[in-house]
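Colleague: All I have is the shape, not the residue letters:
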């Protein structure tokens, strides 16, 4: 058994440590990612998110923040998650193999100048790597939110925001925090809302 109060404190302390590491190391890649997103949307392009498991949930969350709203009502921003169409996901997995899940959709839905945002705590998922490779092949800006050492994504994504932590839970917590910050900053950069 655990001491729930001690566990509560331990988890919050681990979160605070991860947050401080992000604050001290990731400002520059955050600014670069925002520039890439802003350029794409100003040029009538879109942002496409993808990942597995909890990262799939983050992909859907962030795409929704952009297409609907984040801070307050404003015109929609073109974004989508490649993790929501159950027919496409199961067909790709069955007919082409799970590794092609994102690459196939990127080929179908993305055009040069669009932005692909891969989300992975390890950076080693074959379908995420294949998606980034396909994005680069067709002229889509390949970017990522990663963790640990970045895995194979660090050689395929630019910019890449690598959360300097080893625990998947901490990395995912920072991914959604950074992702929401990017959504808010993008709304402001595009002049869709005033600075808060």
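Modeller: It's in. Predicted, not measured: the structure shown is a model, and the values here were computed from it.

Colleague: quick one: residue 80 is in a helix?
Modeller: No - Residue 80 is assigned strand when assessed by DSSP: H, G, I helix; E, B strand; the rest coil, not a helix.

Colleague: pLDDT wise, what is the residue lying closest to residue 76 once chain neighbours are set aside at?
Modeller: What sits nearest to residue 76 in space, not counting adjacent residues and going by CB to CB, 6 or more residues apart in numbering, is residue 67, at 5.1 Å. (Glycine included, C-beta is placed from N, CA and C.) On pLDDT, residue 67 comes in at 98.

Colleague: Which residues belonging to the helix or strand hosting residue 8 are considered buried?
Modeller: Assessed by DSSP states H and E, residue 8 sits inside helix 4-25. Residues of helix 4-25 classed as buried by neighbour count (16 or more other CB atoms under 10 Å): 15, 18, 19, 22.

Colleague: Packing partners of it?
Modeller: When contacts are defined as 3 or more CB pairs under 8 Å, 6 or more residues apart in numbering; DSSP states H and E, helix 4-25 packs onto strand 160-163, helix 168-189.

Colleague: For those, give me TSV that also has distance to residue 62.
Modeller: As requested, the helices and strands packed on helix 4-25 are arranged in TSV below (distance: least, CB to CB, whole Å):
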stretch	distance to residue 62
strand 160-163	13
helix 168-189	5
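
Colleague: Look up the closest residue to residue 147, ignoring the ones flanking it.
Modeller: residue 171 (3.4 Å).

Colleague: same check, this time on residue 175
Modeller: residue 145 (4.8 Å).

Colleague: What residues sit buried inside the helix or strand containing the one you found?
Modeller: Residue 145 belongs to strand 141-147 when assigned by DSSP H and E. Buried residues in strand 141-147, counting neighbours by 16+ other CB under 10 Å, are found at 141, 142, 143, 144, 145, 146, 147.

Colleague: do stretch 99-107 as well
Modeller: Going by neighbour count (16+ other CB under 10 Å), the buried part of stretch 99-107 is 99, 100, 101, 102, 103, 104, 105, 106.

Colleague: quick one: stretch 44-54 to chain centroid distance?
Modeller: From the chain centre to the centre of stretch 44-54 is a distance of 6 Å (CA atoms, centre = their mean, to the nearest Å).
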